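Peer 1: sequence isn't available, so here's the structure alone:
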């Protein structure tokens, strides 16, 4: 894993880390420490599934939902399997 600071105050780009592969505990800890240090981290050109993105986000704390997004793919917290919702979006 390589870390390149982006700006003087905040931000770093993380490269040479494939987010589509299982991460070690050391890599997970490193990512949390990098967020604490740089506040914002960037990963370029990652091909990950919605479930992998959810799992990555969960490394940094509890996930939140927003009532404006009442459609699309929902994930079961216990199984991680997508559940499709057909709710219509109200104007």
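Peer 2: Received, thanks. Being a predicted model, the structure only gives us computed values, none of them experimental.

Peer 1: could you check how far residue 6 is from residue 36?
Peer 2: Relative to residue 36, residue 6 is positioned 16 Å away (Cβ to Cβ, to the nearest Å). Every C-beta, even on glycine, is put in place using the N, C-alpha and C of the backbone.

Peer 1: tell me which of those two has more neighbours.
Peer 2: Legend: neighbour count by other Cβ atoms under 10 Å for residue 6 and residue 36, higher for residue 6 (13 against 9).

Peer 1: need the pLDDT of that one.
Peer 2: Residue 6 carries a pLDDT value of 92.

Peer 1: surely it touches residue 14?
Peer 2: No: using Cβ atoms under 8 Å, residue 6 is not in contact with residue 14, being 10.5 Å away.

Peer 1: can you work out which residues contact both of the two?
Peer 2: Each of residue 42 lies in contact with both residue 6 and residue 14 under the rule Cβ atoms under 8 Å, 6 or more residues apart in numbering.

Peer 1: remind me, longest helix of this structure?
Peer 2: The longest helix of the chain (DSSP state H) is helix 25-38.

Peer 1: pLDDT of that one, averaged?
Peer 2: Regarding helix 25-38, the rounded mean pLDDT is 95.

Peer 1: which strands and helices sit next to that helix?
Peer 2: Helix 25-38 is packed against strand 12-15, strand 41-43, with contacts defined by 3 or more Cβ pairs under 8 Å, 6 or more residues apart in numbering; DSSP states H and E.

Peer 1: out of those strands, deepest packed?
Peer 2: Most buried of these, by mean neighbour count (mean count of other Cβ atoms under 10 Å): strand 12-15, with a mean of 17.

Peer 1: that strand: how far from the chain's middle?
Peer 2: Here strand 12-15 is found 14 Å from its chain centre; the criterion is Cα atoms, centre = their mean, to the nearest Å.

Peer 1: kindly report the same for stretch 23-30.
Peer 2: 14 Å.

Peer 1: by mean pLDDT, point me to the weakest helix or strand of the protein.
Peer 2: strand 82-85 (a mean of 46; mean pLDDT, DSSP states H and E).
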